[in-house]
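1. build the 3D model from these lines:
(one chain, ligands or ions: 1)
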Amino acid sequence: MVSGMARKPQPLKSIGPLVLIGAGKMGSAMLEGWLARGLDAKKISVIEPQPVKAIKALTRRGVKLNPKGRAAPASVVVIAVKPQSATEALPRAAAYVGKVTLTLSIMAGRTIGFLANALPARSAIVRAMPNTPAAIGRGITVAVANGEVSARQRKQANDLLAAIGAVEWVSDERLMDAVTAVSGSGPAYVFLLAEAMTQAGIASGLPAELAARLARETVAGSGELLRRSSLDAATLRQNVTSPGGTTAAALEILMGPGGFDTLLTQAIAAATRRGRELAG
Ligand SMILES: NC(=O)c1ccc[n+]([C@@H]2O[C@H](COP(=O)([O-])OP(=O)(O)OC[C@H]3O[C@@H](n4cnc5c(N)ncnc54)[C@H](OP(=O)(O)O)[C@@H]3O)[C@@H](O)[C@H]2O)c1
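-> Model (predicted):
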């Protein structure tokens, strides 16, 4: 059901023309990643009602911003507006969709069925869910394709998404609500952990600034260790824990009844349910 992690980011020289609709936080992060991987700026058009300075500056490199005139079919149309702007943005996107166009949407909760209704018949569509570490090229994105997506288009989508981090594919779109709950919303849980560690450190007598620094570096360093290590999270946790020691005392509370695992299971189930409700 789940296929493997993307290979190393591929150069994007062969992709284009590409139209990006919505250059906010996620759209800009993708654009930056694409340009860094060699996508020709002259092959990119950006549609964005309120472009920030950095996006306007890209016009000097050849990116077309809010092009006027008749829309020609693009090779790839990427939709990165908020889900609530979808109804407005999709007709604009549809104007660039021709017979061989791939439409790649990163809108949370907007299903392939919803997108297909607004696009020409038999459009090739990939729905993807990235997360905010994409801003530093360290996101993880899960993608799902409809039956119209060719092997070449799937590779194109994979290469475009790999420019902002790791990529996983699923074949069952229903998994996207749980994906959103785990990795889409996940950075918020990790930041909450850093906040809570800071508050707990202050409550234990540490100066606020020191507590915040200890929490930030501990979360970031442990994350990096987890990423680089061949050991799984449970083993890394056990490696910090000596029997009867300080970590064991803390884990007895965190892993006890109603503890961390229970809370996260409930939280992710609530987020998954909410995702389903929002998708309608
Ligand atoms: N941020 C996350 O953690 C995250 C994670 C996974 C997926 N996503 C998805 O990524 C998408 C973008 O999120 P974001 O955080 O990048 O949002 P964002 O910063 O608000 O960016 C959306 C951009 O699209 C523009 N826009 C709105 N309507 C448009 C239209 N009709 N045509 C062209 N551009 C239009 C917005 O302009 P205005 O500001 O003028 O409205 C804004 O600049 C969302 O659908 C979200 O579900 C986000």
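
2. what about residue 128, which helix or strand?
-> Using DSSP states H and E, residue 128 sits within strand 124-129.

3. do that strand and the ligand come into contact?
-> Yes. Using CB under 6 Å from any ligand atom, strand 124-129 reaches the ligand at residue 129. (C-beta placed from N, C-alpha, C; glycine too.)

4. stretch 105-112 now?
-> Yes. Using CB under 6 Å from any ligand atom, stretch 105-112 reaches the ligand at 106-108.

5. do the same with stretch 41-54
-> Yes. Stretch 41-54 comes into contact with the ligand (CB under 6 Å from any ligand atom), by way of 47-50.

6. need the buried ones from those selected in PyMOL.
-> To isolate the buried members of the residues of stretch 41-54 next to the ligand in PyMOL, using 16 or more other CB atoms under 10 Å:
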select buried, resi 47+48
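
7. which ones among the residues of stretch 41-54 next to the ligand lie within strands?
-> residue 47 (DSSP state E).

8. quick check: closest non-adjacent residue to the residue in the chain positioned nearest to the ligand.
-> As assessed by CB to the nearest ligand atom, the ligand sits closest to residue 24 within the chain, at 1.7 Å. Once flanking residues are discounted, residue 24 sits nearest to residue 80: 6.8 Å by CB to CB, 6 or more residues apart in numbering.

9. who touches the residue of the chain closest to the ligand in this structure?
-> 48, 80-82 (CB atoms under 8 Å, 6 or more residues apart in numbering).

10. kindly report the same for residue 35.
-> Residue 35 neighbours (CB under 8 Å, 6+ apart): 41, 44, 58, 61.

11. same check on residue 204?
-> Listed by CB under 8 Å, 6+ apart, residue 204 has no contact partners.

12. what does it show for phi and psi?
-> When quoted as degrees, to the nearest 10, the phi and psi of residue 204 stand at phi -90, psi 10.

13. element containing the nearest residue to residue 239 once chain neighbours are set aside?
-> Spatial nearest neighbour of residue 239, chain neighbours left out: residue 231 (7.5 Å); criterion: CB to CB, 6+ apart. Assigned by DSSP H and E, residue 231 falls within no helix or strand.

14. residue 231 reaches residue 237, doesn't it?
-> No. The criterion here is CB atoms under 8 Å, and residue 231 misses it with residue 237 at 9.7 Å.

15. buried sites along the helix or strand harbouring residue 161?
-> In the assignment (DSSP H and E), residue 161 maps to helix 151-162. Buried residues in helix 151-162, counted by 16+ other CB under 10 Å: 153-154, 156-162.

16. I'd like the next helix or strand past that helix.
-> Helix 151-162 is succeeded, C-terminally, by strand 165-170 (DSSP H and E).

17. contact partners for the nearest residue to residue 120 once chain neighbours are set aside?
-> Distances taken as CB to CB, 6+ apart place residue 97 nearest to residue 120, at 5.5 Å, with adjacent residues excluded. Contact analysis of residue 97 by CB under 8 Å, 6+ apart lists 73-74, 77, 103, 119-120, 123.

18. among the residues you listed, which ones are buried?
-> Among the contacts of residue 97, those classed as buried by neighbour count (16+ other CB under 10 Å) are 74, 77, 103, 119, 123.

19. can you redo the residues you listed as CSV with secondary structure?
-> Converted to CSV, the buried ones among the contacts of residue 97 look like this (DSSP: H, G, I helix; E, B strand; the rest coil):
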residue, secondary structure
74, coil
77, strand
103, strand
119, coil
123, coil
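
20. and the protein, which residues reach the ligand?
-> For the chain, the contact set with the ligand under CB under 6 Å from any ligand atom comprises 21-27, 47-50, 80-83, 85, 88-89, 92, 106-108, 129-132, 184.
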